[in-house]
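Visitor: have a look; sequence and predicted model below, questions after that.
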There are 2 protein chains.
Amino acid sequence: MRLAAGVEWALHCCAVLGGLDEGESIAAADLATLYDLPPSYFAKSLQALSAAGIVESSRGKAGGYSLAQPADAVTMLDIVDAVDGEPTFRCTEIRKRGPTGQPDDAYPRPCGIAQRMADADAAWRASLAAVTIGDLMRGARTALDPRQATASREWLAVKVRHR
Amino acid sequence: MRLAAGVEWALHCCAVLGGLDEGESIAAADLATLYDLPPSYFAKSLQALSAAGIVESSRGKAGGYSLAQPADAVTMLDIVDAVDGEPTFRCTEIRKRGPTGQPDDAYPRPCGIAQRMADADAAWRASLAAVTIGDLMRGARTALDPRQATASREWLAVKVRHR
């Protein structure tokens, strides 16, 4: 069981976009370069975030991506769901199959195993729903090495586009 | 993100094996037939459960599979880990990459995003660790349709092997 690689990219990029001021944006190509990501595959992640209303893009020469919502309004779960929203467990109702299987009306209730797996998914989702992009940004700032902070600041000073 | 199909098979089959008495077992081929599973692919799930010490097999004409531990000592997490034990999120340290990346010593702490994803995995695992095969069996018994109960009892009466 493994989330799509795009989930990691999307989480990091949303944290970067969360640091922009009103009217600022970053081009998709620059975000891809920032983390050394495959541009066309990364574009799909951005499109998924855009379709989910998490990021928005402005067109034109000075266009680029920015968060479509305040950083504290977007949770990790929102981002994960946008990029790879599949539940971990798919019940294929094997209890109904084979020589002891019965007609559908013998199974008025969901399979107990599927229910327990769904409970676990709900716990996973609740954990991610409790953390916002804002939380990630504040956490990253606390942990940031001064060299990294300087490099990021200088990179942003060159790459950020202004509407 | 999706668990291997073998997880569903393994959970159901362990619940069946949990109902056997001491000295009883079921052949792998019969378990596959019971839930209409692809025999050779299902054999891999059984081997994984065996390697994890969850089931054991006896050889010979009357041989077959049984639980290697009491049903209340084996959790859903044990079974899931045996068949598909991968964490959902793999941190590839993209924060270290690209034009703003720094030497490894600039990152004394794990990435905050990876930590939060690991927290969610821990919540998922805790949920599954709280449910045993015994719990699944008791839950299934409560919900069982009488037709299904009869069919299962009759199937087991024919298929269960005695040491």
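Guide: Noted; the coordinates are in hand. These numbers come from a predicted model, not from an experiment.
Visitor: ok, whatever helix or strand residue A:114 lives in near chain B or not?
Guide: Per DSSP states H and E: residue A:114 is located in helix A:112-129. Yes - using CB under 8 Å from any CB of the partner chain, helix A:112-129 reaches chain B at A:112-113, A:116-117, A:119-128. C-beta: built from backbone N, CA, C; applies to glycine.
Visitor: ok, residue A:144 - contacts?
Guide: residue A:152 (CB atoms under 8 Å, 6 or more residues apart in numbering or on different chains).
Visitor: the most centrally placed residue in chain A and chain B: what is the separation?
Guide: Centroid-nearest residue in chain A, with CA atoms, centre = their mean: residue A:79, separated by 2.5 Å. Distance of residue A:79 to chain B, computed by CB to the nearest CB, to the nearest Å: 10 Å.
Visitor: quick one, what contacts that residue?
Guide: Per CB under 8 Å, 6+ apart, neighbours of residue A:79: A:7, A:10, A:11, A:14, A:49, A:54, A:133.
Visitor: any chance you could map the helices in chain A?
Guide: Along chain A, counting by DSSP state H, helices occupy A:5-17, A:28-34, A:39-51, A:76-84, A:112-129, A:133-143, A:146-159.
Visitor: reformat those as TSV; add mean pLDDT and distance to residue B:95.
Guide: Formatted as TSV, the helices of chain A follow (pLDDT from 0 to 100; distance: least, CB to CB, whole Å):
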stretch	mean pLDDT	distance to residue B:95
helix A:5-17	96	7
helix A:28-34	96	10
helix A:39-51	95	15
helix A:76-84	96	16
helix A:112-129	96	19
helix A:133-143	90	8
helix A:146-159	93	8
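Visitor: residue A:106 is nearest to which of these?
Guide: With CB to CB, the closest approach to residue A:106 among the helices of chain A belongs to helix A:112-129: 14.5 Å.
Visitor: okay, buried residues for the closest one please.
Guide: Within helix A:112-129, the residues scored as buried using 16 or more other CB atoms under 10 Å in any protein chain shown are A:112-114, A:116-121, A:123-125, A:127-129.
Visitor: stretch A:40-54 too?
Guide: Neighbour-count burial for stretch A:40-54 flags A:42, A:43, A:45, A:46, A:48, A:49, A:52, A:54 (criterion: 16+ other CB under 10 Å).
Visitor: hang on, the earlier thing: excluding sequence neighbours, find me the nearest residue to the residue nearest to the centre of chain A.
Guide: Take residue A:79 and drop its neighbours on the chain: the residue closest to it by CB to CB, 6 or more residues apart in numbering or on different chains is residue A:10, 5.1 Å away.
Visitor: surely that neighbour is in contact with residue A:47?
Guide: No - Residue A:10 lies out of contact with residue A:47 (CB atoms under 8 Å); the separation is 10.7 Å.
Visitor: and stretch A:33-42, anywhere near chain B?
Guide: Yes - with CB under 8 Å from any CB as the measure, stretch A:33-42 is seen reaching chain B through A:33, A:34, A:35, A:36, A:37.
Visitor: gap between the residue of chain A positioned farthest from its centre and residue A:4?
Guide: Most distant from the centre of chain A: residue A:99, at 43.4 Å, with distances by CA atoms, centre = their mean. As defined by CB to CB, to the nearest Å, residue A:99 lies at a distance of 39 Å from residue A:4.
Visitor: circling back to that earlier point, specify the stretch among the helices of chain A that is closest to residue B:90.
Guide: So among the helices of chain A, helix A:5-17 is nearest, using CB to CB, at 7.7 Å.
Visitor: list the contacts of that closest one.
Guide: Counting by CB under 8 Å, 6+ apart, A:25-26, A:31, A:34-35, A:37, A:41-42, A:44-46, A:48-49, A:54-55, A:65-67, A:74, A:76, A:79-80, A:82-84, A:133, A:136-137, A:140, B:89-92, B:94-95, B:113, B:117 sit against helix A:5-17.
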